[in-house]
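Q: how would this look folded up:
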Amino acid sequence: MSDAGFHPIRMLKRLRVRLRPTPNQLDLKSVNVGFVDRLKREMPHDQAMELAIGGGFEWIGPIEAALLRHYGLPADGHLVDVGCGSGRLAKPLSADHEGTYLGLDLVPDLLAHARRICNRPDWRFEVVRHIGIPEADGRADMVCFFSVLTHLLHEQSYWYLEEARRVLKPGGLIVFSFLEFSEPSHFEIFLGTVEQAKARIANPLNVFIDRAAIPIWAKSLGLEVVDIRAGGDVIVPEGNLGQAVCVLKKPA
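A: Predicted coordinates for the structure are as follows:
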């Protein structure tokens, strides 16, 4: 007998069985706060804040800012920076970006650090509890996710892209970085993650996206694929980001 029509979640709902997600998969806040707390116990505060977002604080941030400008962030535009962390992107952007900015993160300590080093009273930094963008519909010129979808389950990434589409103006852009198995340096990350799993180390997830899935997601979301570039591509003179980059557009 074919099981094509079998829906276990629907069956469990009919049986009134409460579905309990496992904390390490879906409780994003506790995993990330716990990770930052461990770093704070092991090293000086500022060093922990910079390392918590993956390292390369001083040189990756300017590359990210250059990428956003390259793909069309207006000088006076409104940017939503999801998973802004401790301000790796926000700090270099704060020097000359005339527009508004909303930085979001799960970890209050990271946001406090970002707010301090940027010293932009006109910018917003807000703590989120889970997936969501606390912004009105149609307000943003661009939404970016640097090293964010790399740590989310696919359904969570898609959910965030839904939120990004909602807050974008018509013609607005989404820029996100991602990991893919086809890149040797990314596969090394995967092998390292396997070793962490074997050692039962509860760090944030490392998740890979097959680029063939991106046009399927985009079509379902009503978005246009503008560009997909490999992690080794040098897109801007400031240098190479390392992660693959995708740009999506909300139709005008």
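Q: from here on, contacts and neighbour counts on C-alpha atoms
A: Will do.
Q: Val143 is in what secondary structure piece?
A: Element membership of Val143, judged by DSSP states H and E, is strand 140-145.
Q: same question but for Asn32, I mixed them up
A: Secondary structure (DSSP H and E) places Asn32 in helix 28-42.
Q: that helix - contacts with which helices or strands?
A: If contacts are counted by 3 or more C-alpha pairs under 8 Å, 6 or more residues apart in numbering; DSSP states H and E, helix 28-42 sits against helix 45-51.
Q: would you mark the buried spots in the helix it packs on?
A: Using 16 or more other C-alpha atoms under 10 Å as the test for burial, helix 45-51 gives 45, 48-51.
Q: could you point out the longest strand of the protein?
A: strand 168-178 (DSSP state E).
Q: quick one, the strand holding Val143 and strand 168-178 angle?
A: Per axes from the mean of the first three to the mean of the last three C-alpha atoms, to 10 degrees, the angle that strand 140-145 makes with strand 168-178 is 20 degrees.
Q: can you give me the offset of strand 140-145 from its chain's centre?
A: Chain-centre distance of strand 140-145: 11 Å, with C-alpha atoms, centre = their mean, to the nearest Å.
Q: next, count neighbours for Pro108.
A: 17 (other C-alpha atoms under 10 Å).
Q: test my guess that it contacts Val127.
A: Yes: the pair Pro108 / Val127 is scored as a contact, 6.1 Å apart, by C-alpha atoms under 8 Å.
Q: what's the next secondary structure element after the strand or helix carrying Gly103?
A: Per DSSP H and E, Gly103 falls inside strand 101-105. Downstream of strand 101-105, the first helix or strand assigned by DSSP H and E is helix 108-118.
Q: okay, buried residues for that following helix please.
A: Neighbour counts over helix 108-118 (16+ other C-alpha under 10 Å) mark 108-115, 118 as buried.
Q: got it, and stretch 125-136?
A: 125-128, 131, 133.
Q: just the terminal-to-terminal distance for it.
A: Using C-alpha to C-alpha, to the nearest Å, one end of stretch 125-136 lies 15 Å from the other.
Q: distance from the chain centre to it, please.
A: So, by C-alpha atoms, centre = their mean, the centroid of stretch 125-136 is 13 Å from its chain's centroid.
Q: out of the buried residues of helix 108-118, flag the one nearest to Pro92.
A: Pro92 has its nearest neighbour among the buried residues of helix 108-118 in Cys118, at 8.2 Å by C-alpha to C-alpha.
Q: so Asn203, which state does it fall into?
A: Look at Asn203: counting by DSSP: H, G, I helix; E, B strand; the rest coil, its state is coil.
Q: count of neighbours near the residue nearest to it when sequence neighbours are not counted?
A: Spatial nearest neighbour of Asn203, excluding adjacent residues (C-alpha to C-alpha, 6 or more residues apart in numbering): Phe35 at 6.3 Å. By other C-alpha under 10 Å, the residues close to Phe35 number 16.
Q: quick one: the strands in the stretch 151-252 of the chain?
A: 168-178, 224-229, 244-249 (DSSP state E, counting those that start in this stretch).
Q: where does the chain have low pLDDT?
A: Low-confidence segments of the chain (pLDDT under 70): 1-26.
Q: check which helices and strands the strand holding Val143 is in contact with.
A: strand 79-82, strand 168-178.
Q: any chance you could list what contacts the longest one?
A: This points to strand 168-178. Residues outside strand 168-178 that contact it (C-alpha atoms under 8 Å, 6 or more residues apart in numbering): 68, 137-150, 164-165, 208-209, 243-252.
Q: so what strands line up beside it?
A: Sheet pairing for strand 168-178, assigned by DSSP bridges, gives strand 140-145 (parallel), strand 244-249 (antiparallel).
Q: which of the contacts of strand 168-178 are buried?
A: 68, 139-150, 164-165, 208-209, 243-250.
Q: measure stretch 84-96 end to end?
A: Note: stretch 84-96 ends 18 Å apart using C-alpha to C-alpha.
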